[in-house]
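Colleague: predicted coordinates and the sequence they were generated for:
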Amino acid sequence: MATLNARHPFGACLLGATLVACHARVSEDEFRATRVPVARLDSVLRAADSVRLPLADARLLLEVAPDIGLASMPPHDTMTIAEILSWARAEHARKQRAAAETTAAAAARRREIQQQLDSLVAVMVVDKSFLPKNPDLERYQDFISLTFAYKNQGTKSIQAFQGDVSFLDATGDTIYSAHLKVDGPIAPGKTRREPGRIIRYDPFRPGHQRLRSTPLDKLKVVWQPSDAVFADGSRLTLAGSEP
């Protein structure tokens, strides 16, 4: 009898839990079958906040409610919650496909612009020298001087361009990198050489030390353009083309 008495309350608890679960399940089914004005879905959800839905369904309803009448238009004015969920799943999948297509199109456009920029200007370093400080010349610090030449390989006159230039050693390791901005017209097929650009030499920076000590014929110049402005006012740029 003692054992039987001990199990009886436990069995009652199980029965009670089953009844509660059944009641919750009926509430959910009733909620899904409820036909509501779709335009008022937001207020319907607030009024039914005690109904327990699977997390994915609840998130889907909360996601689609603000979009109704703005970014998305449901097929009917009144629908059951189950129909709205089905439509919302299809709408969510459509938006994901559209976002993926937009990203792919932006990436393809960026690659196209990059290819055009890469073939537009050839950047060369034609001279490199070290300028030690010389107070008599009013040069109070050490400098590295780099003389660049630019060839317009395109078919349009270039007014300005910019990008990043890197100097690599014989093994392909980067010694030094800097941003390069050039302003001045270069006609198609023409090469323009400019006065040396100077870098304030820091003897404690390994990149500066290696750039100074490496012979010019042992340096590889890598040019990564990002922007070009043509004489006719048109522009080719990577800015704003990120996926």
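Modeller: Structure received.
Colleague: any idea what residue 192 is bridged to?
Modeller: residue 150 (DSSP bridges).
Colleague: tell me how far it lies from residue 119.
Modeller: As for residue 192, its distance to residue 119 is 18 Å (criterion: C-beta to C-beta, to the nearest Å). Just so you know, the C-beta spots here come from the backbone N, C-alpha and C atoms, and that holds for glycine as well.
Colleague: higher neighbour count, those two?
Modeller: With neighbours defined as other C-beta atoms under 10 Å, residue 192 and residue 119 compare such that residue 192 has more, 15 against 11.
Colleague: show me what contacts the more buried one?
Modeller: For residue 192, the contacting residues are 149, 150, 184, 186, by C-beta atoms under 8 Å, 6 or more residues apart in numbering.
Colleague: who are the packing partners of the longest strand seen in the chain?
Modeller: Criterion DSSP state E: the longest strand present in the chain is strand 174-186. Applying 3 or more C-beta pairs under 8 Å, 6 or more residues apart in numbering; DSSP states H and E, one finds that strand 174-186 contacts strand 143-152, strand 158-168, helix 206-213.
Colleague: which ones are touching the nearest residue to residue 122 once chain neighbours are set aside?
Modeller: Sequence neighbours aside, residue 151 is the residue nearest to residue 122 in space, at 4.3 Å (criterion: C-beta to C-beta, 6 or more residues apart in numbering). Counting by C-beta under 8 Å, 6+ apart, residue 151 makes contact with 121, 122, 124, 186, 189, 190, 191.
Colleague: domains in the protein, as residue ranges please.
Modeller: The record's domain parsing of the chain by automatic domain parsing lists 34-113, 120-237.
Colleague: among the contacts of residue 192, which two are most distant?
Modeller: Spanning the widest gap among the contacts of residue 192 are 149 and 184, at 12.5 Å by C-beta to C-beta.
Colleague: with neighbour numbers in mind, choose between the two.
Modeller: In this view residue 149 and residue 184 are compared by other C-beta under 10 Å, and residue 149 has more residues nearby, 14 against 11.
Colleague: shouldn't that one be in contact with residue 193?
Modeller: Yes. Using C-beta atoms under 8 Å, residue 149 is in contact with residue 193, at 4.4 Å.
Colleague: need the contact list for residue 41.
Modeller: 61, 64, 65, 68, 84.
Colleague: if we go to 6 Å?
Modeller: For residue 41, the contacting residues are residue 65, by C-beta atoms under 6 Å, 6 or more residues apart in numbering.
Colleague: how near is it to residue 156?
Modeller: From residue 41 to residue 156 the distance is 55 Å (C-beta to C-beta).
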